[in-house]
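Engineer: Have a look; sequence and predicted model below, questions after that.
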Amino acid sequence: MKLTWERRQLKLRHPFNIARMPMSDSTDKTVLLVRIEHDGLVGWGEAAPISYYRQSLDSVEAMLSKAGDMLGNDPFALDAILDNLLKRFPGESAAICAIDGALHDLIGKILKVPLWKMFGLDRSRMPLTCITIGLDTPEIIAAKVREAAAFPILKIKVGTPDDETTLQMIRREAPNKTLRVDANCGWTSENALERCRMMADYKVEFVEQPTKPGDNDALPRVREAGLGPLFADESCVTVKDVLYCVGFFDGINIKLSKCGGIRQAMKMIHIARAAGLKIMLGCMVETSVGIAAAAQLGPLVDHLDLDGHLLLANDPFTGLGGAAGRLTLTDAPGLGVKELAK
Ligand code: MG
């Protein structure tokens with residue numbers, strides 16, 4: 001198998017800001033598109049490195065340049081290939097996710113079957129995806145909510161001193177929509193209970209990652225007060241974190257870039273189900289390639305937050321849809337996405 005990759009510069013429709021990162025007005029985002037060629041077929045994968053986990057475009061490329069020789073010549077040897085990569089490059093989950101996606105795409109193309117079907121899933125059980133509204137001034141937030149008029153579920157970034165103003169503005173524009181909030185670690189054990197009570201006043205469906213990983217003292221109190229439900233994102237990175245969330249969270253947000261791809265995500269889903277946790281599938285800002293990999297598992301989960309490609313002004317791939325929150329799992333083989341002409 002031959003592994004190649006390229007950096008692809010993406011343009012966001014709006015700058016994207018969250019509580020634990022410095023505010024930025026940049027609309028640029030670069031990802032790595034990975035190709036694995038075998039027997040005249042090409043599998044696509046995507047790496048969207050996460051700086052919070054000390055990943056970068058350079059670290060992904062350094063890993064890929066070593067991984068090319070570790071793939072062998074049998075794409076069906078997924079377990080051995082990915083296990084080796086996870087052992088050798090434990091910090092490079094986004095790069096491993098790209099290889100996992102490309103191998104899965106390739107396998108689907110060899111078998112001429114879409115991945116959701118190969119996994120035995122029922123595409124009619126796919127939840128709707130929310131669309132995310134990043135931190136911004138109240139006027140821009142209002143404009144974004146109007147722009148998202150077709151989407152029935154909004155996910156609002158909170159975790160700043162302006163949370164109440166943000167929620168007021170959103171509820172003025174969208175009084176009846178389903179709202180989720182993500183504090184991205186922006187609250188503390190001291191204010192999480194009071195903030196979650198405020199969220200309940202605005203009829204929020206659930207709260208994602210209220211406090212920093214490890215700062216869990218307030219979480220049982222929030223749940224005992226009947227507030228939340230609480231979903232772990234930054235607190236639940238890989239397979240080994242799932243059981244740790246029991247007792248503190250009601251559910252987990254699985255992202256392929258965090259955990260290392262479809263195969264690892266599937267393991268997390270099964271552990272979470274056995275432990276009674278709800279499951280949400282999330283994403284980074286990424287193209288339809290990365291989003292399609294996660295979407296293949298959509299029928300297995302409770303909530304979808306797979307809007308990365310919808311936040312882009314120049315998604316280089318097509319095939320997934322997403323208008324009004326409805327992602328389409330088609331009959332096209334593998335990931336079901338196609339590159340648009342450059
Ligand atoms: Mg999150």
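Structural biologist: Received, thanks.

Engineer: Point out the residues in the chain that sit beside the ion.
Structural biologist: Proximity of the chain to the ion, by CB under 5 Å from the ion, involves residues 182, 208, 233. Every residue, glycine included, has its C-beta placed from N, CA and C.

Engineer: Inside strands: which ones of the residues you listed?
Structural biologist: Using DSSP state E, the subset of the residues of the chain next to the ion located in strands is 182, 208.

Engineer: which of the residues of the chain next to the ion tops the neighbour count?
Structural biologist: Most neighbours among these, by other CB atoms under 10 Å: residue 208, with 29 neighbours.

Engineer: which one is residue 197 nearest to, not counting chain neighbours?
Structural biologist: Nearest non-adjacent residue to residue 197, counting by CB to CB, 6 or more residues apart in numbering: residue 227, 6.1 Å away.

Engineer: I'd assumed that neighbour was in a helix, is it?
Structural biologist: No. Counting by DSSP: H, G, I helix; E, B strand; the rest coil, residue 227 falls outside a helix, being coil.

Engineer: Please report phi then psi for it.
Structural biologist: Reported as degrees, to the nearest 10, the phi and psi values for residue 227 are phi -100, psi 170.

Engineer: which residues touch it?
Structural biologist: 193, 196-197, 199-200, 207 (CB atoms under 8 Å, 6 or more residues apart in numbering).

Engineer: residue ranges of the strands in the chain, please?
Structural biologist: 2-11, 28-38, 41-47, 131-133, 153-157, 178-182, 204-208, 230-232, 251-255, 278-282, 303-304, 317-318, 338-339.

Engineer: Low-confidence ranges, the stretch 101-250 of the chain, go.
Structural biologist: For the stretch 101-250 of the chain, no stretch has pLDDT under 70.

Engineer: How about the contacts made by the residue in it that the ion sits nearest to?
Structural biologist: Nearest to the ion in the stretch 101-250 of the chain, going by CB to the ion, is residue 233, at a distance of 3.5 Å. For residue 233, the contact set (CB under 8 Å, 6+ apart) comprises 182, 184, 208-209, 252-253, 255, 282.

Engineer: what's the answer for residue 220, then?
Structural biologist: 247-248.

Engineer: Against residue 235, how distant is it?
Structural biologist: Residue 220 sits 14 Å away from residue 235, going by CB to CB, to the nearest Å.

Engineer: Mind listing the shared neighbours of the two?
Structural biologist: Residues touching both residue 220 and residue 235 (CB under 8 Å, 6+ apart): residue 248.

Engineer: count of residues packed around the nearest residue in space to residue 292 that is not next to it in sequence?
Structural biologist: Leaving aside its chain neighbours, residue 292 sits nearest to residue 335 (4.2 Å; criterion: CB to CB, 6+ apart). By other CB under 10 Å, 33 other residues sit near residue 335.

Engineer: for residue 292, same thing?
Structural biologist: 31.

Engineer: Report the central residue of the protein.
Structural biologist: For the chain, the residue sitting closest to the mean C-alpha position, by CA atoms, centre = their mean, is residue 283 at 1.5 Å.

Engineer: Quick check: phi and psi at it.
Structural biologist: Main-chain torsions, residue 283, degrees, to the nearest 10: phi -160, psi 180.

Engineer: That one: what's it in contact with?
Structural biologist: Counting by CB under 8 Å, 6+ apart, residue 283 has contacts 255-257, 290-291, 294, 305-308.

Engineer: I'd like the strands of the chain laid out as TSV, including distance to residue 268.
Structural biologist: Formatted as TSV, the strands of the chain follow (distance: least, CB to CB, whole Å):
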stretch	distance to residue 268
strand 2-11	25
strand 28-38	22
strand 41-47	19
strand 131-133	21
strand 153-157	20
strand 178-182	19
strand 204-208	16
strand 230-232	11
strand 251-255	5
strand 278-282	8
strand 303-304	14
strand 317-318	25
strand 338-339	29
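
Engineer: which one of those strands lies closest to residue 76?
Structural biologist: Closest approach to residue 76 among those is made by strand 28-38 (10.4 Å; CB to CB).
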